[in-house]
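J.: below: sequence and its predicted model.
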Amino acid sequence: PQQSLLEALSLLSNDDWELKEKGLFSIKHLVESHSEVLLCRLHDICLAVTSEVTNPRSKVSYSAIATLGEFFATLKKDMDSEVDEVARVLLQMVWDSPEFVEKAASQTLGIMVENVTPARAMSALMDMGVK
């Protein structure tokens with residue numbers, strides 16, 4: 001799993017969108033099956049995935065959003081420290097994206113709210129001006 005994580009992160013740093021998507025798929029699989037491997041580098045991994053949410057290729061953006069949803073569903077309160085940055089980027093996508101990306105971002109925000117500490121979710125959303 002550790003080697004798979006390193007390979008996935010390497011794929012995310014590639015310029016080829018198909019390789020980025022493959023890296024996101026690998027990270028999503030790792031969070032589902034070996035979440036303990038991600039916890040020691042959670043912040044770095046979340047930053048790498050979150051940076052792909054705004055990828056101009058909507059397919060990559062969608063995959064990154066779905067991966068973040070899996071992070072929240074699986075890691076739950078372990079994601080509290082990542083809520084501010086992730087919520088900021090997801091809200092940006094809800095307001096200014098193709099419909100299927102907007103829907104995915106809204107769903108992931110819902111998963112976030114259901115799984116992190118309620119005060120963290122509320123704080124992050126209020127800081128972004130969501131009423």
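T.: Thanks, I have the structure now.
J.: ranking helices and strands of the protein by mean pLDDT, which lands last?
T.: helix 118-127 (a mean of 90; mean pLDDT, DSSP states H and E).
J.: and that helix, how far from the chain's centre?
T.: Put simply, helix 118-127 sits 17 Å off its chain's centre (C-alpha atoms, centre = their mean, to the nearest Å).
J.: can you check stretch 97-104 too?
T.: Remark: stretch 97-104 is offset 15 Å from the chain centroid, using C-alpha atoms, centre = their mean.
J.: buried sites along it?
T.: 97, 101, 104 (16 or more other C-beta atoms under 10 Å). (Each C-beta comes from the backbone N, C-alpha and C, glycine too.)
J.: what does stretch 72-91 contact?
T.: Outside stretch 72-91, the residues that touch it by C-beta atoms under 8 Å, 6 or more residues apart in numbering are 31-32, 35, 38-39, 42-43, 46-47, 50, 53-54, 65, 68, 71, 105, 108-109, 111-112, 114-117, 120-121, 123-125, 127-128, 130.
J.: okay, and which of those map to helices?
T.: 31-32, 35, 38-39, 42-43, 46-47, 50, 53, 65, 68, 71, 105, 108-109, 111-112, 114-115, 120-121, 123-125, 127 (DSSP state H).
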